[in-house]
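Peer 1: Fold the following.
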Amino acid sequence: MKKNLVLLALVLTLFGAASTHAGGSKDVNTLMERADAAVDRGDDKRAVADYTRVIRLDPNNASAYNRRGLRYAFQGNYDLAISDFSQAIRIDPDFSFAYDNRGFAYRCIDEWDLAIADYTQLIRLRPNEDSAYYGRAMAYRGKNEWDLAIADFDQVIQLYPDHVTAYLERGYTYGSKGEWDLAIADFDQAVRLDPNNADAYTYRGYAYLGKGNFSQARADVNRAMQLEPDHQEAQDLAADLQQRGY
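Peer 2: Numbering: from 1, shown residues only. Model (predicted):
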């Protein structure tokens, strides 16, 4: 009888421990879902609070650190964001999204070499990830390493031939090198893919300005301002052309 009572106590203890663990897991999942819902409705304060509760319950939850880091990044709190992404990577060294997000945060504070290192690691983990090549291209451009940037934009376009932003940014990079015809070709493609993109007309207008084709620059800036009257770069180009008599 005594032996049976001991066995019964052991079974109850194990069941209780399992139930507590399951309840904790349920709490974590509920909090994660609530935090994600807060993100969807734009309530970052609530989202951060719930992700923080998840981390207290489950300190090795890399996803919670990554998602909280994103909220910090979108708030402009890049140091906090980088700290969270770094913790996610310490927990899971192959967490590709955390490298992508930390690379973005590094770009936002002009830490180009650190951004390049993160995007390079992301490429090792996910060789066909367009955001890795795009992010690294932007970081190379931040360092004025035009050719390396163009090579990565080439890779983005090879992966996704309809990537409008890659054409825009590669064209902008060609323009930074004074290669106006190549820049215009990229902006032409961006216009073909997205005929209502004010940036494409504005950037092409600047390229035509660089070539000295003022009338075409004026046509493009007029179209850009029809599409987006408050486009600051288009307004600046229009003012420049007006000073030149166009």
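
Peer 1: CA atoms for contacts and neighbours, from now on please.
Peer 2: Noted.

Peer 1: which secondary structure element contains the residue nearest the centre of the chain?
Peer 2: Centroid-nearest residue in the chain: Phe104, 5.5 Å away (criterion: CA atoms, centre = their mean). Per DSSP states H and E, Phe104 falls inside helix 96-108.

Peer 1: got a list of what the closest residue to Glu169 other than its chain neighbours touches?
Peer 2: Spatial nearest neighbour of Glu169, excluding adjacent residues (CA to CA, 6 or more residues apart in numbering): Phe153 at 7.7 Å. By CA atoms under 8 Å, 6 or more residues apart in numbering, Phe153 lies in contact with Tyr133, Tyr134, Ala137, Ala166, Tyr167, Glu169, Arg170.

Peer 1: run the last query once more with 10 Å
Peer 2: The contact partners of Phe153, by CA atoms under 10 Å, 6 or more residues apart in numbering, come to 130, 133-138, 147, 159, 163, 165-171, 173.

Peer 1: again with Gln232
Peer 2: By CA under 10 Å, 6+ apart, the contact set of Gln232 is Thr202, Met225, Ala238.

Peer 1: How many residues are close by the second one?
Peer 2: When counting by other CA atoms under 10 Å, one arrives at 20 neighbours for Met225.

Peer 1: That one is in what secondary structure piece?
Peer 2: According to DSSP H and E, Met225 maps onto helix 214-227.

Peer 1: which stretches of the protein form helices?
Peer 2: With helices called from DSSP state H, the chain shows them at 2-40, 44-57, 62-74, 78-91, 96-108, 112-125, 130-142, 146-159, 164-176, 180-193, 198-211, 214-227, 232-243.

Peer 1: Narrow the contacts of Phe153 to those that are buried.
Peer 2: 130, 133-138, 163, 165-171, 173 (16 or more other CA atoms under 10 Å).

Peer 1: where in the protein is pLDDT low?
Peer 2: Applying pLDDT under 70 to the chain flags residues 1-24.

Peer 1: now do 50
Peer 2: Scanning the chain for pLDDT under 50 picks out 1-23.

Peer 1: picking that back up, which residues are contacting the helix holding Met225?
Peer 2: Residues from elsewhere that reach helix 214-227 (CA under 10 Å, 6+ apart): 195-211, 228-238, 240-242, 244-246.

Peer 1: are any of these buried, and which?
Peer 2: Buried among the contacts of helix 214-227 by 16+ other CA under 10 Å: 196-210, 228, 231, 233-235, 237-238, 241.

Peer 1: Return the residues in contact with the residue nearest to Gly175 when sequence neighbours are not counted.
Peer 2: Among residues not flanking Gly175 along the chain, Ala183 sits closest, at 5.5 Å (CA to CA, 6+ apart). Counting by CA under 10 Å, 6+ apart, Ala183 touches 167-177, 203-204, 206-208.

Peer 1: just to revisit the earlier point, could you list every helix and strand in contact with the helix holding Phe104?
Peer 2: Taking 3 or more CA pairs under 10 Å, 6 or more residues apart in numbering; DSSP states H and E as the contact definition, the neighbouring helices and strands of helix 96-108 are helix 62-74, helix 78-91, helix 112-125, helix 130-142.

Peer 1: would you turn the ones you listed into TSV with distance to Lys45?
Peer 2: As requested, those are exported to TSV (distance: least, CA to CA, whole Å):
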stretch	distance to Lys45
helix 62-74	9
helix 78-91	14
helix 112-125	27
helix 130-142	27
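
Peer 1: out of these, nearest to Arg46?
Peer 2: Using CA to CA as the measure, helix 62-74 is the one of the helices and strands packed on helix 96-108 that comes nearest Arg46, at 10.4 Å.

Peer 1: Fine, thanks again, bye for now.
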